[in-house]
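Enquirer: Give me the fold of what follows.
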Amino acid sequence: MPFIFWGLMQFNRVPYRALHFGLSNYFNCSTCFAMSKFISNYIARHQNRANQLLHLVGVPLAFGVSVHWFVYVGWQMALGAFVGGYVLQFVGHAIEGNDPGELILIKKLFGQSYREFGPGTPEGQLEEQSKSAG
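Expert: Here you go, the predicted structure:
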């Protein structure tokens, strides 16, 4: 599983839009379009190396290790792995300067403002311009 995230981190050298449109045009299916949109958004939201490394550890810890430990070790250890993995991801987003996806969803539901992209990304700069113009 960590190899998948390492591969995703290598895509940050590819322009987001090239990845977004290239994959969907190559396979020409709506599922591929949705997946390429998800991947390009994921890459845009995870540009900082520290955030990428914390996600490289935190995602498998929260979802892989916690399930394994729930089945074979016990629910207390599984809960600790799940919470620990999420804490690492939240710290990564704090370093990046944007809100975690789960927090964005909650803020959207309650009509609160949120920061989807970090300030150093092109998307984050567009986000800042739209906020200052409005």
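
Enquirer: in the helix ranked longest in the chain, what counts as buried?
Expert: In the chain, with assignment by DSSP state H, the single longest helix is helix 75-96. Applying a neighbour-count criterion of 16 or more other CB atoms under 10 Å, one finds A78, A81, F82, G84, G85, Y86, L88, Q89, F90, G92, H93, E96 buried in helix 75-96. Bear in mind the C-beta positions are built from the backbone N, C-alpha and C, glycine included.

Enquirer: Wait, the third one touches A62, no?
Expert: Right, F82. Yes: if you go by CB atoms under 8 Å, F82 and A62 touch, sitting 5.2 Å apart.

Enquirer: sorry, back to before: now, among the buried residues of helix 75-96, which is nearest to T31?
Expert: Q89 (25.7 Å; CB to CB).

Enquirer: Give me the spatial nearest neighbour of the closest one, chain neighbours excluded.
Expert: What sits nearest to Q89 in space, not counting adjacent residues and going by CB to CB, 6 or more residues apart in numbering, is G58, at 4.2 Å.

Enquirer: mind checking how far that neighbour is from C29?
Expert: 31 Å (CB to CB, to the nearest Å).

Enquirer: more crowded one of the two?
Expert: Between G58 and C29, G58 has the larger neighbour count (other CB atoms under 10 Å), namely 21 against 10.

Enquirer: Give the residue spans of this structure that score low on pLDDT.
Expert: 1-28, 133-134 (pLDDT under 70).

Enquirer: all helices of it, in order?
Expert: Using DSSP H, helices in the chain cover 2-10, 16-27, 30-45, 49-59, 66-72, 75-96, 101-109, 122-133.

Enquirer: Out of those helices, which is closest to R115?
Expert: helix 122-133 (7.0 Å).

Enquirer: Okay, buried residues for that closest one please.
Expert: For helix 122-133, by 16+ other CB under 10 Å, it's E123, G124, E127.
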